[in-house]
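1. Provided below for reference: sequence and predicted model.
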Protein chains: 2
Amino acid sequence: MIYSSELIKGTLKTIVLKLLKTNKRMYGYEITQMVKSLTMDKIQITEGALYPTLHALESEGLVITETEYIGKRVRKYYSLSSDGAKRTEEKVNELADFMNTIKFLLDLEPKTN
Amino acid sequence: MIYSSELIKGTLKTIVLKLLKTNKRMYGYEITQMVKSLTMDKIQITEGALYPTLHALESEGLVITETEYIGKRVRKYYSLSSDGAKRTEEKVNELADFMNTIKFLLDLEPKTN
DNA sequence: GTGTTATACATAAGAAAATTATGTATATTT
DNA sequence: AAATATACATAATTTTCTTATGTATAACAC
């Protein structure tokens, strides 16, 4: 099963921040592959979604970047700024809380009748 | 805390379907109030989001409607069609599964260093 | 050695789904 | 009588994604 795409909406930024917190330093393509493998292919982040998100995080000052060359190929590493670390904490807590709220709603018992 | 609005995205349809399954028959305004109270004000469904969603569910054939008058004021009740009941089952399962996947990602241990 | 797949970035056009704003109207509370 | 709550609806805008496209290098298979 691959989740229908609308579910990912709203969670992508938080997931990216959390991965950067967990792994300290990652590049874009690596993020897509890690999410794919960690979720057993159920979440596939497209490049069209990821790169604009990373650029947004950068322009918000939440991540810092370093460009490296692997042979002739460019690779752009992202890591959290201190603002980003704070923000990650907040967003992860909010999302975790939200998950519990949704779970509660989904577990409501139908009226017996 | 009120969840930042982007989190609701993608879950609204499923939440509405689930509430209709739980309560059999609801009208729009009632849905907004019930979600608000069940979540202790953390999720506030706006009318601009809800009504188009309900109309979409109707045009997809997942819900059926009955209009009633309370005094002179109109009230439109929604309930699941049999297609809607099936679809609700699927979407609730998908969302529950998705929640677990996200929870797993959010619980990853940071690299020790 | 050449064709395919994988790696790695980026952006633009379009679609989907919400927010915000606005509109209409009745009912209830202060 | 005014303010708030109930109850519907839709339009303009914004946000955020998908899909498509583009560029380029590296690795693998045959």
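-> Cool, got the structure.
2. surely A:Leu108 meets B:Ile15?
-> No - contact criterion CB atoms under 8 Å: A:Leu108 and B:Ile15 do not qualify, at 10.3 Å. Every residue, glycine included, has its C-beta placed from N, CA and C.
3. which of these two has more neighbours?
-> Each of A:Leu108 and B:Ile15 has its neighbours counted (other CB atoms under 10 Å in any protein chain shown); B:Ile15 has more, 23 against 14.
4. Can you name every helix or strand that the one helix or strand the more buried one maps to contacts?
-> According to DSSP states H and E, B:Ile15 maps onto helix B:12-23. Secondary-structure packing of helix B:12-23 (3 or more CB pairs under 8 Å, 6 or more residues apart in numbering or on different chains; DSSP states H and E): helix A:82-106, helix B:28-38, helix B:47-59, strand B:73-80, helix B:82-106.
5. so does the last one get close to chain A?
-> Yes - counting by CB under 8 Å from any CB of the partner chain, chain A has neighbours in helix B:82-106: B:92, B:94-99, B:101-106.
6. quick one on the thing from earlier: average pLDDT for the helix holding B:Ile15, rounded please.
-> Averaging pLDDT along helix B:12-23 gives 96.
7. Over to stretch A:91-99?
-> 94.
8. Wondering if that stretch reaches chain B at all.
-> Yes - contact of stretch A:91-99 with chain B (CB under 8 Å from any CB) involves A:Val92, A:Glu94, A:Leu95, A:Ala96, A:Asp97, A:Phe98, A:Met99.
9. could you check the distance from A:Ser82 over to A:His55?
-> Here the criterion is CB to CB, to the nearest Å. By it, A:Ser82 lies 20 Å from A:His55.
10. Please list the residues of chain A that sit near chain B.
-> Proximity of chain A to chain B, by CB under 8 Å from any CB, involves residues A:1, A:3-4, A:6-11, A:14-15, A:18-19, A:21-24, A:35, A:38-39, A:42-43, A:92, A:94-99, A:101-106, A:108-111, A:113.
11. who's in contact with A:Met34?
-> With contacts defined as CB atoms under 8 Å, 6 or more residues apart in numbering or on different chains, the neighbours of A:Met34 are A:Leu19, A:Asn23, A:Met26.
12. meant to ask about A:Ile2
-> By CB under 8 Å, 6+ apart, the contact set of A:Ile2 is A:Asp41, A:Lys42, A:Ile43, A:Gln44.
13. returning to that earlier point: closest to DNA strand D among the contacts of A:Met34?
-> A:Leu19 (14.2 Å; CB to the nearest atom of the strand).
14. Model confidence at A:Asn113, what's the number?
-> pLDDT at A:Asn113 comes out at 54.
15. Quick check: the gap between the residue lying closest to A:Lys91 once chain neighbours are set aside and B:Pro52.
-> Once flanking residues are discounted, A:Lys91 sits nearest to A:Thr14: 4.4 Å by CB to CB, 6 or more residues apart in numbering or on different chains. Distance of A:Thr14 to B:Pro52, computed by CB to CB: 26 Å.
16. which one of these two has more residues nearby?
-> Shown here are A:Thr14 and B:Pro52; by other CB under 10 Å, A:Thr14 has more neighbours (25 against 11).
17. The more buried one and A:Lys24, how far apart?
-> Distance from A:Thr14 to A:Lys24, by CB to CB: 17 Å.
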